[in-house]
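Chemist: just coords:
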DNA sequence: CGTCCTATTGACAATCCTCAAGGTGCGTGG
DNA sequence: CCACGCACCTTGAGGATTGTCAATAGGACG
């Protein structure tokens, strides 16, 4: 007989699987506390079907979530109801951090595929952190990691062209897949062109056109959501494509358009004290 | 005789002022631990001149920093040496969180004016967190707040037009000033147009033109770095210029000369009649 | 007074968005 | 099974928003 409960987001809890602290730490890619089996803390798994929400905006903050399997998106909703995609979490990612401040969630997490999520009740987890010094530091580290990731995202959104954004999106996605043991070259997009566009600050048409252009240039092959990265180094260093007219197919090796003048470096200030 | 030391960023430490934990918590706007004077932990102030760096990219992470006075920017440096501005910290803001992960700083903090900064040695501060339960939670909360702020930044960069970005930049800056007790309507920009543009993902020319347009429309008055917000509600709700069709429709007939500029507001309830 | 940094403004170009018209794949119901 | 609807994707045309380049001017400072 399994306990069944439901929360504001409307998911059902089957409660048929549990993980201990060392498994959670493994998943999060942080060092496992040495005296792990000391206290038998167990954390419940919950399954979500594609389309279900793990937490919603404004929902009271109770727990953090670790993705054990599946693919999700996190979104903001603006005043007109438009979604703004913030991230595409997958296995090993931590969700819900934004809820700590103000005790309620500032964003929404939606399953893009069937997902298996581990619930970390915040209070209990924080208490564990106070007993295991390493765990507390690891929590700070994970939050810091998220912050750095978002900083890089801001830099990308501000500075890069549409092509460079899409190229970088593909390569980082590939890197994440290979870190998880999947192929980093050939994978399936779990999100629509519209969601990619929202994430990158582009329209879905621009995303589609850019993918087609990469396909023609031989940098990738793309068929609907099936992607193959053919020239990752070119993708990684690509800044801007030449005008379509002068654009050569695969023949031209140097696909890297650098040509950016160095902006004057905020001068002689270097604060080198004496 | 004052102790003088220097670190990798090259700043000098005058060591002439110290704050206790309750003062630091006050500054950070988090609840003060009840048993505050319990342990006499003191944190050193350091002064930085305009242009000096508080920490640099790659520098070993040792401490967090709280701004006691002054204005700063935090930046990333891309592969060509271009600066990407991430934030403009001021009094009460926490710096250096990005260094926790990987034990080294991922960004650079530069003083835009003379600054007074409080040093929080990370290890000592984390230890305090373990004794004072509230402090640990407060630290999580501050980091969560930063994350939420960056999420909103991402949403803004992705979704808003140049005008809306600049408008929102001005109003949030005004709000921060008034929370600090200064005027939220009339203030001095501490950063260049170039830095604003980098922060907002625009060129300095676009920033300058937008400010001039707001000035002509009577939303603000601007003279170099002196800003006066005249219609904050219009600024806050301004979203996007109308599509060409609807814009031309109005000015087509009689008021061609007068209304040609940017007159018809979009998403702004307060009609700006000139 | 000259130099450097910053800001403003104009002319022009192009990147990217908007609008529009198909096309493909998939589930559902006749 | 096929037709149909629906969501997603592709591609094109055209234009607007924004970047690029350039010229000018003001301020700070040695």
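Modeler: Happy to help now that I have it. A quick note: this is a predicted structure, and the numbers were derived from the prediction, not measured.
Chemist: And for the lowest-mean-pLDDT helix or strand in chain A, what's in contact with it?
Modeler: When each helix and strand of chain A is scored by mean pLDDT, DSSP states H and E, helix A:122-131 comes last, with a mean of 88. Outside helix A:122-131, the residues that touch it by CB atoms under 8 Å, 6 or more residues apart in numbering or on different chains are A:21, A:39, A:41, A:61-64, A:100, A:135-136, A:139, B:130, B:133, B:136-137, B:140. All C-beta atoms are positioned from the backbone trio N, CA, C, and that covers glycine.
Chemist: Who are the contact partners of the nearest residue to residue A:21 once chain neighbours are set aside?
Modeler: Leaving aside its chain neighbours, residue A:21 sits nearest to residue A:41 (5.3 Å; criterion: CB to CB, 6 or more residues apart in numbering or on different chains). Applying CB under 8 Å, 6+ apart to residue A:41 gives the contacts A:20-21, A:124, A:128.
Chemist: quick one: buried residues of the longest helix belonging to chain A?
Modeler: Of all the segments of type helix in chain A, defined by DSSP state H, the longest one is helix A:133-159. By 16 or more other CB atoms under 10 Å in any protein chain shown, the buried positions in helix A:133-159 come out as A:135-159.
Chemist: Where do the helices of the stretch 101-250 of chain A begin and end?
Modeler: A:122-131, A:133-159, A:162-179, A:193-200, A:204-217, A:232-237 (DSSP state H, counting those that start in this stretch).
Chemist: Run the angle between the least confident helix or strand of chain A and helix B:122-131 for me.
Modeler: 120 degrees (axes from the mean of the first three to the mean of the last three CA atoms, to 10 degrees).
Chemist: Buried residues, helix A:122-131. List them.
Modeler: A:122, A:125-126, A:128-129.
Chemist: Count the residues that sit near the residue lying closest to residue A:236 once chain neighbours are set aside.
Modeler: Nearest-residue entry for residue A:236: residue A:171, 5.2 Å, with adjacent residues in sequence omitted and distances by CB to CB, 6+ apart. Number of residues near residue A:171 (other CB atoms under 10 Å in any protein chain shown) recorded here: 19.
Chemist: My guess is residue A:171 contacts residue A:229. True?
Modeler: Yes - between residue A:171 and residue A:229 there is a contact under CB atoms under 8 Å: 7.0 Å.
Chemist: anything in contact with each of those two?
Modeler: With CB under 8 Å, 6+ apart as the test, residue A:171 and residue A:229 both reach residue A:235.
Chemist: just to revisit the earlier point, contacting DNA strand D as well, which ones from the contacts of helix A:122-131?
Modeler: With CB under 7 Å from any atom of the strand as the criterion, the contacts of helix A:122-131 include none near DNA strand D.
Chemist: Near chain B, which residues of the stretch 51-200 of chain A are found?
Modeler: Residues of the stretch 51-200 of chain A that fall close to chain B, judged by CB under 8 Å from any CB of the partner chain: A:76, A:78, A:82, A:84, A:86, A:97-101, A:106-107, A:126, A:129-130, A:133, A:136-137, A:139-148, A:150-155, A:157-159, A:198-200.
Chemist: before we move on, the earlier item: quick check: mean pLDDT of the longest helix of chain A?
Modeler: For helix A:133-159, mean pLDDT is 94.
Chemist: Tell me which other helices or strands that helix touches.
Modeler: Other elements packing on helix A:133-159 under the criterion 3 or more CB pairs under 8 Å, 6 or more residues apart in numbering or on different chains; DSSP states H and E are helix A:21-28, helix A:122-131, helix A:162-179, strand B:72-77, strand B:83-87, helix B:122-131, helix B:133-159, helix B:193-200.
Chemist: hang on, the earlier thing: tabulate the buried residues of helix A:122-131 (TSV), appending distance to DNA strand C.
Modeler: Formatted as TSV, these follow (distance: CB to the nearest atom of the strand, whole Å):
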residue	distance to DNA strand C
A:122	37
A:125	38
A:126	41
A:128	43
A:129	42
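Chemist: Considering the residues you listed, which is situated nearest to residue B:221?
Modeler: Ranked by distance to residue B:221 (CB to CB), the buried residues of helix A:122-131 are led by residue A:122 at 47.2 Å.
Chemist: Please report how far the closest one lies from residue A:53.
Modeler: Per CB to CB, to the nearest Å, residue A:122 is found 18 Å from residue A:53.
Chemist: Also residue A:75?
Modeler: From residue A:75 across to residue A:53, the span is 10 Å (CB to CB).
Chemist: okay, and the common contacts of these two?
Modeler: In contact with both residue A:75 and residue A:53: A:108, A:110, using CB under 8 Å, 6+ apart.
Chemist: the more surrounded of the two?
Modeler: residue A:75 (22 against 19).
Chemist: residues touching that one, list them.
Modeler: Counting by CB under 8 Å, 6+ apart, residue A:75 touches A:83-86, A:107-108, A:110, A:198.
Chemist: Show me which of those residues is closest to DNA strand C.
Modeler: The shortest approach to DNA strand C among the contacts of residue A:75 belongs to residue A:198, at 10.0 Å (CB to the nearest atom of the strand).
Chemist: returning to what we had before: which pair in the contacts of residue A:41 has the greatest spatial separation?
Modeler: A:20 and A:124 (13.1 Å).
Chemist: Out of the contacts of helix A:122-131, which is nearest to residue B:31?
Modeler: Distances from residue B:31 to the contacts of helix A:122-131, taken as CB to CB, are shortest for residue B:137 (9.0 Å).
Chemist: Spatially nearest residue to the closest one (excluding sequence neighbours)?
Modeler: Nearest to residue B:137 is residue A:126, by CB to CB, 6+ apart, at 6.9 Å.
Chemist: What parts of the stretch 101-250 of chain A come near DNA strand C?
Modeler: So the stretch 101-250 of chain A meets DNA strand C at A:161-163, A:201-203, A:205-206, A:224, A:240, A:243 (CB under 7 Å from any atom of the strand).
Chemist: and the helix or strand harbouring residue A:43 with helix A:122-131, angle?
Modeler: Secondary structure assigned from DSSP states H and E places residue A:43 in strand A:42-48. Strand A:42-48 and helix A:122-131 are oriented at 140 degrees to each other (the same axes, to 10 degrees).
Chemist: what residues does whatever helix or strand comes next after strand A:42-48 touch?
Modeler: For strand A:42-48, the succeeding helix or strand toward the C-terminus, using DSSP H and E, is strand A:53-55. The contact list for strand A:53-55 (CB under 8 Å, 6+ apart) reads A:9-11, A:48, A:65, A:72, A:95-96, A:99, A:105, A:108-111, A:115, A:117.
Chemist: Pull out the buried members of those.
Modeler: Here, 16+ other CB under 10 Å leaves A:9, A:11, A:48, A:65, A:72, A:95-96, A:99, A:105, A:108-111, A:115, A:117 buried among the contacts of strand A:53-55.
Chemist: ok, so of the residues you listed, who is nearest DNA strand C?
Modeler: For those, the residue nearest DNA strand C by CB to the nearest atom of the strand is residue A:111; the value is 17.1 Å.
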